[in-house]
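1. Okay, predicted coordinates and the sequence, questions at the end:
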Amino acid sequence: MRRLLRPLWVFLAVLFLIEAWLWDHLSPVVARIVGIIPWARLKRKLAQAIERLPPWATLIVFVVPLAVLLLPLKFLEVYFLATGQWLGAIAVIIVAKLAGVGVTAFIFDVTRDKLLQMAWFRKLYEWLLRVRAWAHAITEPVRFRMRQLAARLRGEGGNRFLRWVSRLRRAAFRRAN
């Protein structure tokens, strides 16, 4: 049974790592985009207002912008799905995912200190960090094998392999014509 569940755990770990990667890489992008907005005084006042808020109110500041941003996108996604516009729905899902993770990462960066003052939030945060470490550990053998395969494909044996695949492909196309 454990052997059957291993691919599921690896799949879940990979999904978690993709989320973590998006979080890590979209946070600076959103920060740069927000940095372009010439409302420096407004941003400073907002940061000061968040600093004065109690932790529970900071949680609201953390959650509300995400809901305000994602709710219209979710309605648009449902509309596209209901009308059979699959590519539009997929595009909205991707945009919503990227925007949601990016905005959440940016807002969390601003509100982290206040949010971590709440014991339950700190425990949840520490648990997520442990899950992230677990995901890295469980996917390491797979990532190691993929790196080995990529090295072989790039190395001397890889050139021979790529030539062999190219010959097979040409032969297949000759037979098809």
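-> Looks like it arrived, so ask away.

2. surely residue 100 meets residue 65?
-> No. Taking C-beta atoms under 8 Å as the definition, residue 100 is not a contact partner of residue 65, at 10.2 Å. Where C-beta positions appear, they are placed from N, C-alpha and C, glycine not excepted.

3. More neighbours: which of those two?
-> Neighbours were counted for residue 100 and for residue 65 using other C-beta atoms under 10 Å; residue 100 has more, 17 against 14.

4. what's downstream of whichever strand or helix holds that one, the next helix or strand?
-> Taking DSSP states H and E as the definition, one finds residue 100 inside helix 86-115. Downstream of helix 86-115, the first helix or strand assigned by DSSP H and E is helix 119-154.

5. Give me the helices and strands touching that following helix, please.
-> helix 2-36, helix 156-176 (3 or more C-beta pairs under 8 Å, 6 or more residues apart in numbering; DSSP states H and E).

6. now it: mean pLDDT?
-> Helix 119-154 shows a mean pLDDT of 83.

7. Report the inter-axis angle for that helix versus helix 86-115.
-> On the basis of axes from the mean of the first three to the mean of the last three C-alpha atoms, to 10 degrees, helix 119-154 is oriented at 130 degrees to helix 86-115.

8. mind checking how far helix 119-154 is from the chain centre?
-> 13 Å (C-alpha atoms, centre = their mean, to the nearest Å).

9. can you pull the buried residues of it?
-> Neighbour counts over helix 119-154 (16 or more other C-beta atoms under 10 Å) mark 121, 132, 135, 138, 139 as buried.

10. got those as a markdown table, with distance to residue 111 columns?
-> As requested, the buried residues of helix 119-154 are exported to a markdown table (distance: C-beta to C-beta, whole Å):
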| residue | distance to residue 111 |
| --- | --- |
| 121 | 10 |
| 132 | 20 |
| 135 | 24 |
| 138 | 30 |
| 139 | 30 |
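
11. where does the closest residue to residue 104 other than its chain neighbours land in three-state SS?
-> Distance criterion C-beta to C-beta, 6 or more residues apart in numbering; nearest residue to residue 104, sequence neighbours excluded, is residue 66 at 5.6 Å. What DSSP: H, G, I helix; E, B strand; the rest coil gives for residue 66 is helix.
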